[in-house]
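Asks: Structural data only, the sequence is not supplied:
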């Protein structure tokens, strides 16, 4: 009944300021969420709390 191309997918969001500050790691602060591919085909960007920076920063959808 379910197909390979599910409409809802799980995506990881990474802190953009941690990526620029720590060159070695690809984003320390990570959140996971689900998005609908049909409604939001572009990459997701949300303001989330980063426990490393200790403030709200922009978190972008990461590549898997």
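Replies: It's in. In this text the structure is predicted, and so the values were computed from the model without any measurement. Numbers count the residues shown, from 1 in each chain.

Asks: mind checking pLDDT for residue 51?
Replies: Note for residue 51: predicted pLDDT of 88.

Asks: contacting residues for it?
Replies: Counting by CB atoms under 8 Å, 6 or more residues apart in numbering, residue 51 touches residue 29. Any C-beta I mention is one placed from the backbone N, CA and C, and that applies to glycine too.

Asks: Then residue 60?
Replies: 13, 14, 16, 43, 44, 45.

Asks: Kindly report the same for residue 43.
Replies: Contacts of residue 43 by CB under 8 Å, 6+ apart are 60, 61.

Asks: secondary structure class for it?
Replies: When classified by DSSP: H, G, I helix; E, B strand; the rest coil, residue 43 comes out as coil.

Asks: That one and residue 30: what is the separation?
Replies: As judged by CB to CB, to the nearest Å, residue 43 and residue 30 stand 15 Å apart.

Asks: circling back to that earlier point, quick one: buried ones out of the contacts of residue 60?
Replies: Neighbour-count burial (16 or more other CB atoms under 10 Å) applied to the contacts of residue 60 gives 13, 14, 16.

Asks: Could I get those in CSV, plus columns for pLDDT, distance to residue 61 and secondary structure?
Replies: Listed next are those as CSV, based on pLDDT from 0 to 100; distance: CB to CB, whole Å; DSSP: H, G, I helix; E, B strand; the rest coil:
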residue, pLDDT, distance to residue 61, secondary structure
13, 93, 6, strand
14, 91, 8, strand
16, 88, 11, helix
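
Asks: which intervals of the chain have sub-threshold pLDDT?
Replies: Low-confidence segments of the chain (pLDDT under 70): 1-4, 19-27, 64.

Asks: in it, which spans are strands?
Replies: Secondary structure of the chain (DSSP state E): strands at 8-15, 30-36, 45-50, 55-61.
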